[in-house]
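Novice: Pasting a predicted model and its sequence here:
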Amino acid sequence: MDTTGLLVTAALTSVLFPPARQWLEHHSSTITLITSAGVATGVAILLLMKSRQRVLSAWAARRQRPEGCDIQFLDRLHHTEFEEAVRDLMLRDGAHNAVRVGGAGDNGADVKGTDPAGRLWVIQCKHRRSGAAGAPVGTPDLHVLNGTGRPVHGGDVVVLVTNGRITTPAVKFARSQHLHLVDRALLSQWATGPSPLWDLLPSLPSPRRGRRSWRGPRSPL
């Protein structure tokens, strides 16, 4: 029963049953406190829902406009939303089957998709709430990706994307293992510019137009 119904019921009870009226008069402060707490809780929940809806609406609007997906906006995202942003950028660029696969048991892959040249991209996302001020991506962050990107996921292009910084040893390790890195500066260029990621990264594998593209996870039967 909602708050209004409770008050109406209490009022009718007090009129029809005098003992009930006396009890209500004696406990009026308690009822008022309970009612106020219920109203306050309802208002708080409503405000949280509206706030969350505003965030989702803003993201839905910006994801349709590359120029709206600036680096400061990406900084404010939750890490799962950051993965969705990377997926959407891949879709925007022409990887029609790009999908977010991040989560428990993802084996180092957060996004997968096939580019127009037939190359399967396996992307790991490292989001930093503090952006450039956050902890840099180091060599240990690349070990899982390096161990699974090709052997497990079959990637042609294995990439780490971050809105933060990358250490010099990590850059050297990535170069030695033919991993591709997208740091804060390159991510900003990719997110707000007209060029697809495969035009921004050097030394990509040759096109593989004949390979079967990634189809995403199968739906449960």
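Specialist: Yep, that arrived. Residues are numbered from 1 along each chain as shown.
Novice: Can you show me the strands along this protein?
Specialist: 99-100, 111-114, 120-126, 157-162, 180-182 (DSSP state E).
Novice: wait, which of those is closest to residue 194?
Specialist: Nearest to residue 194, of all these, is strand 180-182, at 16.5 Å by C-beta to C-beta. Where C-beta positions appear, they are placed from N, C-alpha and C, glycine not excepted.
Novice: Direction included, what does the closest one pair against?
Specialist: The strands beside strand 180-182 in its sheet (DSSP bridges) come out as strand 157-162 (parallel).
Novice: Put the alpha carbons of the partner strand into PDB.
Specialist: Output of strand 157-162 as PDB, limited to C-alpha atoms (Å, rounded to 0.1, in the frame of the first residue of the first chain):
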ATOM      1  CA  VAL A 157      45.100  -7.300 -35.200                       C
ATOM      2  CA  VAL A 158      45.500  -7.400 -31.400                       C
ATOM      3  CA  VAL A 159      45.000  -4.000 -29.800                       C
ATOM      4  CA  LEU A 160      45.000  -2.400 -26.300                       C
ATOM      5  CA  VAL A 161      43.000   0.800 -26.000                       C
ATOM      6  CA  THR A 162      43.300   3.200 -23.000                       C
END
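Novice: mean confidence score for that strand?
Specialist: For strand 157-162, mean pLDDT is 98.
Novice: ok, residues contacting that strand?
Specialist: Strand 157-162 is touched from outside by 86, 115, 119-128, 137, 141-142, 145-146, 149-150, 166, 174, 178-184, 187, 197-198, 201, 204-205, with contacts defined as C-beta atoms under 8 Å, 6 or more residues apart in numbering.
Novice: that older thread, of all the strands of the chain, which one comes closest to residue 79?
Specialist: The minimum distance between residue 79 and the strands of the chain falls on strand 120-126, with 7.3 Å, by C-beta to C-beta.
Novice: by how many degrees do that closest one and strand 157-162 diverge?
Specialist: 20 degrees (axes from the mean of the first three to the mean of the last three C-alpha atoms, to 10 degrees).
Novice: neighbouring strands for strand 120-126, and are they parallel or not?
Specialist: Sheet pairing of strand 120-126 (DSSP bridges) gives strand 111-114 (antiparallel), strand 157-162 (parallel).
Novice: mind checking how far the nearest residue to residue 200 once chain neighbours are set aside is from residue 107?
Specialist: Leaving aside its sequence neighbours, residue 200 sits nearest to residue 190 (C-beta to C-beta, 6 or more residues apart in numbering; 5.8 Å). Residue 190 sits 24 Å away from residue 107 when distances are taken as C-beta to C-beta, to the nearest Å.
Novice: what about the residue nearest to residue 200, how many residues close to it?
Specialist: 23 (other C-beta atoms under 10 Å).
Novice: so who does it touch?
Specialist: Residue 190 makes contact with 89, 182, 197, 200, according to C-beta under 8 Å, 6+ apart.
Novice: Throw together a PyMOL command that grabs the buried residues out of the residues you listed.
Specialist: Command for PyMOL that selects the buried part of the contacts of residue 190, burial taken from 16 or more other C-beta atoms under 10 Å:
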select buried, resi 89+182+197
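Novice: Between the contacts of residue 190, which sits nearest residue 77?
Specialist: Closest to residue 77, out of all of those and judged by C-beta to C-beta, is residue 89, at 12.6 Å.
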